[in-house]
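Student: Quick one, what's the 3D model for this:
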Amino acid sequence: MIEIESTNRPTARQLVTLAKGKQSRWQSVLDMAEVFVTAREDGVLVGFSHAHGDGTTWLVQRLFVAEDYRGEGVGTDIRKRVILECSKLTVSTGRMYGFYDEDVREFWENPDLTGTTSQPIGFTGVRIIEGHLR
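Tutor: Numbers count the residues shown, from 1 in each chain. Here you go, the predicted model:
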């Protein structure tokens, strides 16, 4: 069973193992993220998302799910939890932003946010989404 949680942050080494990259880069991500949500199966990290903000506006930096777990609802559960955690820290009606590739547009334009709009940005196939936290 996959557990989604926001209280048990991974280590930079665990992020390198799952998502590749340099350990120092992932450590800076951990240091900056105000909200960090993980998905674990039997204690093993299989997905994560993180966001930072100022109490009214949040930016979801990334959402990652291990390839073997994609298409099973893990990403959806992580997305819902990161939105919930940002909502808890929001002092008023908040906004959430995220960047995504065109091929996952339907995933991000979802009922977890209200007043959702998206628009292309300067990178081919990449859009920015804005939605209001409930």
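
Student: how about the strands in the chain?
Tutor: Ranges of strands in the chain, per DSSP state E, are 2-5, 35-41, 44-53, 57-65, 95-101, 114-120, 126-132.

Student: Out of those, point me to the one whose mean pLDDT is lowest.
Tutor: Of all those, strand 95-101 carries the lowest average pLDDT, namely a mean of 65.

Student: Of all the strands of the chain, which one comes closest to A19?
Tutor: Ranking the strands of the chain by proximity to A19 (Cβ to Cβ) places strand 57-65 first, at 5.1 Å. The way it works is simple: take the backbone N, C-alpha and C, and place the C-beta from them, glycine included.

Student: ok, what's across the strand from the residue nearest the centre of the chain?
Tutor: The centroid of the chain falls nearest to S49 when counting by Cα atoms, centre = their mean (3.1 Å). Residues in a beta bridge with S49, per DSSP bridges, are V37, L63.

Student: Turn the strands of the chain into a markdown table, columns for distance to E72.
Tutor: Listed next are the strands of the chain as a markdown table, based on distance: least, Cβ to Cβ, whole Å:
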| stretch | distance to E72 |
| --- | --- |
| strand 2-5 | 8 |
| strand 35-41 | 10 |
| strand 44-53 | 10 |
| strand 57-65 | 8 |
| strand 95-101 | 19 |
| strand 114-120 | 24 |
| strand 126-132 | 23 |
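
Student: And these: which comes nearest L15?
Tutor: strand 44-53 (7.2 Å).

Student: how big is the angle separating that closest one from strand 35-41?
Tutor: 170 degrees (axes from the mean of the first three to the mean of the last three Cα atoms, to 10 degrees).

Student: Alpha carbons of strand 44-53, as PDB, please.
Tutor: Taking Å, rounded to 0.1, in the frame of the first residue of the first chain, the C-alpha atoms of strand 44-53 are listed here in PDB:
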ATOM      1  CA  VAL A  44      10.700   3.200   0.000                       C
ATOM      2  CA  LEU A  45      10.200   6.600  -1.700                       C
ATOM      3  CA  VAL A  46       8.300   6.300  -4.900                       C
ATOM      4  CA  GLY A  47       7.100   9.800  -5.500                       C
ATOM      5  CA  PHE A  48       7.200  13.400  -4.200                       C
ATOM      6  CA  SER A  49       6.200  17.000  -4.800                       C
ATOM      7  CA  HIS A  50       7.200  20.200  -3.200                       C
ATOM      8  CA  ALA A  51       6.100  23.800  -3.100                       C
ATOM      9  CA  HIS A  52       7.100  27.100  -1.600                       C
ATOM     10  CA  GLY A  53       5.200  30.300  -1.100                       C
END
